[in-house]
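Novice: Sequence first, then the predicted structure:
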Amino acid sequence: MDGGDDIEIHHGPKLVTEGEFAGWKGWGDDAYESLTGPFFFREEEGGKVRCAFRAGKKHMNGGGAMHGGCMMTFADFCLFALSHPHRAASGEHTPMVTISLNGEFVGPAYEGDLIECTGEVVRAGGSLMFLRGVIETGGKPMLTFSGVIKKVKRR
């Protein structure tokens with residue numbers, strides 16, 4: 001956590017109504033994700049979640065490939081998107097924060113690429129949720145990750 005005393009409460013995801021990602025959802029009230037993304041997600045058949053964004057110039061490192069920090073920021077977004085159907089089905093609206101995020105960089109992406117993520121909730125307990133996923137482009141993996149998010153009490 002950032003060490004701040006207050007936890008900002010975000011409202012639910014918002015439906016995108018225009019552009020390439022019309023019909024997808026995103027959290028428009030997260031300032032950092034708005035700056036670094038935008039990132040999107042949608043629920044697919046069988047309750048699976050797919051996350052995506054289009055790689056732009058601002059996502060690239062000095063060598064012309066996607067910056068590792070961008071991949072990890074997207075992975076963090078994906079933790080919450082992947083958890084959303086599980087949390088919604090249980091009526092859970094308690095704020096959560098990332099307490100652990102681990103990743104292995106396994107391939108590049110470049111400007112213009114469609115970046116996608118799929119994954120799953122591995123386990124959901126009383127206050128912790130364990131997740132894992134794969135970020136890829138063109139069917140080739142870029143980053144495998146796992147993470148833990150934790151419910152926090154409202155102040």
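Specialist: Ah, there it is.

Novice: Thought residue 39 was touching residue 25, still the case?
Specialist: No. Residue 25 is not in contact with residue 39 according to Cβ atoms under 8 Å; the separation is 10.2 Å. C-beta here means a position set from N, CA and C on the backbone, and glycine is covered the same way.

Novice: So if I had to pick from these two, which one is more boxed in?
Specialist: More crowded of residue 25 and residue 39, by other Cβ atoms under 10 Å: residue 39, with 24 against 19.

Novice: now that one: how far from residue 58?
Specialist: Distance, residue 39 to residue 58, by Cβ to Cβ, to the nearest Å: 13 Å.

Novice: quick one: the strands in this protein?
Specialist: 14-15, 25-26, 40-43, 49-54, 96-105, 114-124, 128-137, 140-151 (DSSP state E).

Novice: How much space separates residue 43 from residue 123?
Specialist: Taken as Cβ to Cβ, the span from residue 43 to residue 123 is 20 Å.

Novice: Between the two, which has more neighbouring residues?
Specialist: residue 43 (15 against 10).

Novice: ok, what's across the strand from the more buried one?
Specialist: Counting by DSSP bridges, residue 43 forms beta bridges with residue 49.

Novice: what's the burial count for residue 44?
Specialist: 10.

Novice: for residue 107, same thing?
Specialist: Residue 107 - counted by other Cβ under 10 Å - has 15 other residues nearby.

Novice: Spit out the contact partners of the nearest residue to residue 55 once chain neighbours are set aside.
Specialist: Distances taken as Cβ to Cβ, 6 or more residues apart in numbering put residue 113 closest to residue 55, at 4.5 Å, once the chain neighbours are dropped. Counting by Cβ atoms under 8 Å, 6 or more residues apart in numbering, residue 113 touches 54, 55, 66, 137, 138.

Novice: Could you check how far the fourth one is from residue 117?
Specialist: Same thing as residue 137. 10 Å.
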